[in-house]
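>>> sequence below, structure please.
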Amino acid sequence: MPRLWAHFGSLALVFTGLAVWSWRKWADVFIDYGMDLYIPWQLAEGRSLYSDISWLHGPLSQYFNALLFKLTGPSITTLIVADLAITALLTLLLHQIFTILFDRRAAFAVCIVFLTVFAFSQYTRMGSFNYIAPYRHEQTHGTVLAVAMVYCLLRLVQQQQMLWACLAGLCLGLVTLTKMEIMLAAGVTCVTALMITAVFKIDSFRNTLRNFAVLSGAAIVPPAVSTLMMSTWLSWTLAFQKTFANISLTWQYPVLDEGFYRYVTGLDAPREHIIRMAELSAAFVLLMTIAIALQAWISRKQWFESPLPVVVLGLAAFSAAVLLRTIPWDEIGLLLPGAMAVIILIAARALIRERKDSPRRNQLAGLIIWSVFSLGMMSKTMLNVRLYHYGFTLAMPAAVLLVAVCVTSIPNLAGHWARSQSLVRAVMIALIAAGCVFHLNWSNGFYRSKTLAVGAGGDEILTYPYSVEPAGELMRRTMEEIERSTPPDATVLVMPQGITLNYLTRRFNGTPYWSFHPFDIKISGGERQMLGVMQSHPPDYVVLIDNGVPDFEGGFFGGAPESGKMMMEWLSQSYYQTWAVGTAPFVNGRPGALMLKRFPQPIPN
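Coordinates of the predicted model:
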């Protein structure tokens, strides 16, 4: 017990230190995160999702954040506190799960890697790919609920109690209200868990059917409640459809038609990705083989009884990985799909050979369940898995499992072949520590540059100054101009993105829309339909803001049909310019913003 509390105390110190180090630097002030501020604020003000405000994911996260805003008032600090608590809960769940699957030492290593590599990180110029200010709360909420579901499934395998089936089903039902890729991973994991208990006779077939019925029934409850609640402002058919909004959207608009999503999945260059995955996997196997062979050789020497050689070789491995950069950490995610498949095969083989009365059967079953969950989470990026970008949630389960295998299973294998495992364990721990240091340094390269405050008080976001990236200063000056020159009750539409401005200035944009990039225009019914909605209720002001970065198709807003061309033509006829900063937006690829005001309407005779 004292050692357990020492684990939790150490994790609390790491958690606190990382939060202080990265404080208020997690969010991207220009892209994505503003939607998760603006939409909950509008819902807390009384507007309704899918009717007053369009949305492409399930309703759970937006209404959860709206409830927080309703209780405490709209504030980024409110979301930060909630997300810190959710991240702490996820850390605790990971510790419990990997204590069941391995031991406390592995669980501690898993939590350290989760906190240092995934929870507080930033690895691209754009922020919000972390758990404290995520680009979509559906991503983090869904991940935490799915991990909680897996924990319940592991307890179900251990104890065969109907309560755990019920709790797993409730978690699965809540996951369906977030994002499709997490829902699919969770659903496949549930089926796998129940199949394992039946096929390997961990529980009776009758009890397995009972647990399946209980789990399925519990999983129906959250979507049913969601449909019932939304039927008060939507038709029953539409309420049901919007409960599973992300599924219906993907079915209607295949995302793989978009170049960006083909890159995300790796389908843009599948052959090259597969070859690179094979190369990294071979290098990993070679490294493990050398370490185990060295362990076998050294363990025969008398001088190995001293801990000094282990310490020296561990430090050498750490130094080589950190200083010489011998490991391509930015590509390390490509190892994960193959590693998960191998773990499933080895665990399944061991489960088949294990005696029916062996307590290790539950552990092996749990290992298969978590591995299947990890593979399911990576399905969106299977040929291009990475720890950064979407990997902060999608690759995390597989990455932490590989960490646990490296600090326990691989050293145990070395101990089976040699007299000792201390050298292999030291090398594994050294390489994992080197990976954590690399990723912390990678994030620090971005965080140390974030010195400009946008917003004030509880809504402050730290971002890059103008000398590093102009978008932050552009947002700050535009925010000040909106507050100076527009009445508090005016409607201000920001195009094509930058809805953070609406939240920071507390200005409704007058439309159901929050982004005007080509894909967003497509899923909103097309440019003509969006323009019709805007013309029927024209906003008082329009802000055109350009951060100098082209859209996913390589163009700029207003340059082509279905990319804002008709909207720009309408704006030129119905609005006049009142303010500008920087260069003219969407002309030469340089940042700039301007504000337009609607022409006065003629007085009818």
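>>> burial measure for the nearest residue to E258 once chain neighbours are set aside, as a count.
Of all residues not flanking E258 in the chain, F519 sits nearest, at 5.8 Å (CB to CB, 6 or more residues apart in numbering). In this view, the C-beta of every residue, glycine as well, is placed from N, C-alpha and C. Neighbour count for F519, taken as other CB atoms under 10 Å: 19.
>>> name the surrounding residues that touch the helix or strand hosting F519.
Taking DSSP states H and E as the definition, F519 sits inside helix 518-523. Applying CB atoms under 8 Å, 6 or more residues apart in numbering, the external contacts of helix 518-523 come out as 56, 249, 252-253, 258, 260, 513-514, 527, 530, 551-553, 555, 562-564.
>>> mind checking which of those are in helices?
L249, Q252, F260, E527, M530 (DSSP state H).
>>> and the first one, how far from G58?
Going from L249 to G58 by CB to CB, to the nearest Å gives 10 Å.
>>> compare neighbour counts for these two and give me the winner.
Higher neighbour count among L249 and G58: G58, with 29 against 17, using other CB under 10 Å.
>>> the more buried one should be in a strand, yeah?
No: per DSSP: H, G, I helix; E, B strand; the rest coil, G58 lies outside any strand segment and is coil.
>>> identify the residue spatially nearest to it, adjacent ones excluded.
Using CB to CB, 6+ apart, the closest residue to G58 is L177 (3.8 Å).
>>> phi first, then psi, for the one you found.
phi -90, psi 10 (degrees, to the nearest 10).
>>> what's it in contact with, if anything?
L177 neighbours (CB under 8 Å, 6+ apart): G58, P59, L60, P222, P223, S226, T243.
>>> neighbour-wise, which one of the residues you listed leads?
Most surrounded of the contacts of L177: other CB under 10 Å gives G58, at 29 neighbours.
>>> surely that one and Q241 touch.
No: under the criterion of CB atoms under 8 Å, G58 makes no contact with Q241, lying 11.2 Å away.
>>> I'd say T381 and A395 touch.
Yes: under the criterion of CB under 8 Å, T381 makes contact with A395 at 7.2 Å.
>>> the two - which one has more neighbours?
A395 (26 against 22).
>>> only the buried subset of the contacts of helix 518-523, as a ChimeraX command please.
This is the ChimeraX syntax for the buried subset of the contacts of helix 518-523, where burial follows 16 or more other CB atoms under 10 Å:
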select :56,249,258,513,514,527,530,551,553,563,564
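>>> now the contacts of L177 in a markdown table, with distance to L194 and pLDDT?
Shown next, in a markdown table, are these (distance: CB to CB, whole Å; pLDDT from 0 to 100):
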| residue | distance to L194 | pLDDT |
| --- | --- | --- |
| G58 | 24 | 95 |
| P59 | 28 | 97 |
| L60 | 24 | 97 |
| P222 | 19 | 98 |
| P223 | 20 | 97 |
| S226 | 25 | 97 |
| T243 | 24 | 94 |
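>>> and which of these is nearest to H389?
Each of those was scored against H389 by CB to CB, and G58 proved nearest at 21.7 Å.
>>> who's in contact with the closest one?
G58 touches E138, T176, L177, T178, K179, S226, T243, F244, A245, N246, counting by CB under 8 Å, 6+ apart.
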